[in-house]
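Chemist: From the sequence below, what's the structure:
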Amino acid sequence: MPEMPPGDRPGDATAEALEEASPPPPVVPPTMRAILEILVFGFLFLVASLLITSFYALVPNLLLISALSVFLGSLAATAIALRMFHRGRSVLSVGLHWNERTQRNLVLGIGLGAGAGAAVTAMPVLLGKAAWQSADRPIAWDSLPLFFVLILFSAIGEEILFRGLVFQRLRETFGPVVSVIVTSALFAWAHGGNLSVTWLALLNTMLWGVVFGVACLRSRDLWLPIGLHTAWNWTLPLLGVELSGFTLEVSGIRLQSADAFWAGGAYGPESGIVCTLAMPLMVLLLWRWPRLRSV
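Modeler: A predicted model of the protein is given here:
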């Protein structure tokens, strides 16, 4: 028995009619998709970080748990969000790619961050507003390796969190200015519950977020802001001052000052006016620095 041509089969005609009658799948606008991705990423980070923080009862080391919750939480949230929305992309694609240029940017960031931390801490001393004294505790040689490692992983985690996938989706969808402003505001908001925080500390933290954002825009990687962030967080405790409200006595010296306006007070130099004045200079320096792009 001869077969009917495909187009003449009754079943084919019915299927074609159904296909014509069915509406096309809805198209999600790019802005809504970006916002959805960011919200999902934030939820995933919150769940992962809270899960890790719950181990504080077993390991009562605040610096360790804080560093791990930010580092592992941001990595996990990035990996899951990429699998959900950008299948085929790896975590390295958010700015963690490693090559000769990113290695150079990491070294440059460490140098600039350490220099900025030393300058902001030393300026009140040079102005006669503060002085270094011996601390109650001697230098903690046995704690220094752990201190360096935890600060490094904490900075990596924060940069992945604020300048990774969220920063990139904001830049791609709304432009570089919006990405820098929004992530810098979120960066300051995340420090709003720190000990001894002040309005000037939050302003300076937001300005630091601008510095990190500009570093990310200029380099197109996370290693330059990671270097800046890590070295700043290393330098302040080593010079005997508080780091964002936390006292880490590791160097055997303390900076004493009764003038919080210049030296920063109990929050550290990040709540002093010297830090405020230094941030625009850092932005200008990064913006004019040649050959930072790594891709």
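
Chemist: The stretch 101-250 of the chain: helices as residue ranges?
Modeler: Along the stretch 101-250 of the chain, the segments classed as helices by DSSP state H, counting those that start in this stretch run 144-163, 165-174, 176-190, 199-219, 223-238.

Chemist: Other residues contacting the first one?
Modeler: I take that to be helix 144-163. Applying CB atoms under 8 Å, 6 or more residues apart in numbering, the set of residues contacting helix 144-163 from outside is 45, 63-64, 66-75, 77-78, 94-96, 140, 183, 186-187, 190, 209, 212-213, 216, 222, 225-226, 229-230, 233-234, 237, 248, 250. All C-beta atoms are positioned from the backbone trio N, CA, C, and that covers glycine.

Chemist: filter these to the buried ones?
Modeler: By neighbour count, with 16 or more other CB atoms under 10 Å, the contacts of helix 144-163 hold 45, 64, 66-75, 77-78, 94-96, 183, 186-187, 209, 212-213, 216, 222, 225-226, 229-230, 233-234, 237, 248, 250 as buried.

Chemist: The closest residue to Phe85 other than its chain neighbours is in what secondary structure piece?
Modeler: Counting by CB to CB, 6 or more residues apart in numbering, Glu37 is the residue found nearest to Phe85 once chain neighbours are left out, at 5.1 Å. Counting by DSSP states H and E, the element that carries Glu37 is helix 30-53.

Chemist: Give me the distance from that helix to the chain's centre.
Modeler: Relative to the centre of its chain, helix 30-53 is centred 15 Å away, using CA atoms, centre = their mean, to the nearest Å.

Chemist: Of the helices of the stretch 101-250 of the chain, give the one that comes closest to Ile273.
Modeler: Of all the helices of the stretch 101-250 of the chain, it is helix 199-219 that lies closest to Ile273, at 7.2 Å by CB to CB.

Chemist: Which positions in that closest one come out as buried?
Modeler: Under 16+ other CB under 10 Å, the buried positions of helix 199-219 are 200-219.

Chemist: model confidence over the helix holding Glu37, on average?
Modeler: Taken as a whole, helix 30-53 has an average pLDDT of 96.

Chemist: Which of the residues in it are classified as buried?
Modeler: For helix 30-53, a neighbour-count test (16+ other CB under 10 Å) marks 34, 37-38, 41, 44-45, 48-49, 52 as buried.

Chemist: List of residues touching that helix?
Modeler: Residues outside helix 30-53 that contact it (CB under 8 Å, 6+ apart): 28, 65, 68-70, 72-74, 76-78, 80-81, 84-85, 161, 165-166, 169-170, 172-174.

Chemist: After that helix, which helix or strand is next?
Modeler: Next along the chain after helix 30-53, taking DSSP H and E as the criterion, comes helix 62-85.

Chemist: Look up phi and psi at Ser93.
Modeler: phi -70, psi -10 (degrees, to the nearest 10).

Chemist: Quick check, it in contact with Leu82.
Modeler: Yes: between Ser93 and Leu82 there is a contact under CB atoms under 8 Å: 7.4 Å.

Chemist: more neighbours, those two?
Modeler: Leu82 (19 against 15; other CB atoms under 10 Å).

Chemist: mind checking how far the more buried one is from Leu222?
Modeler: Leu82 sits 15 Å away from Leu222, taking CB to CB, to the nearest Å as the criterion.

Chemist: ditto for Ala116
Modeler: From Ala116 to Leu222 the distance is 18 Å (CB to CB).

Chemist: which residues touch the nearest residue to Leu207 once chain neighbours are set aside?
Modeler: Distance criterion CB to CB, 6+ apart; nearest residue to Leu207, sequence neighbours excluded, is Met279 at 3.8 Å. By CB under 8 Å, 6+ apart, Met279 lies in contact with 204, 207-208, 210-211.

Chemist: Let me have these in JSON lines, extended by pLDDT and distance to Arg291.
Modeler: As requested, the contacts of Met279 are arranged in JSON lines below (pLDDT from 0 to 100; distance: CB to CB, whole Å):
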{"residue": "Asn204", "pLDDT": "97", "distance to Arg291": "29"}
{"residue": "Leu207", "pLDDT": "97", "distance to Arg291": "25"}
{"residue": "Trp208", "pLDDT": "97", "distance to Arg291": "24"}
{"residue": "Val210", "pLDDT": "98", "distance to Arg291": "22"}
{"residue": "Val211", "pLDDT": "98", "distance to Arg291": "19"}
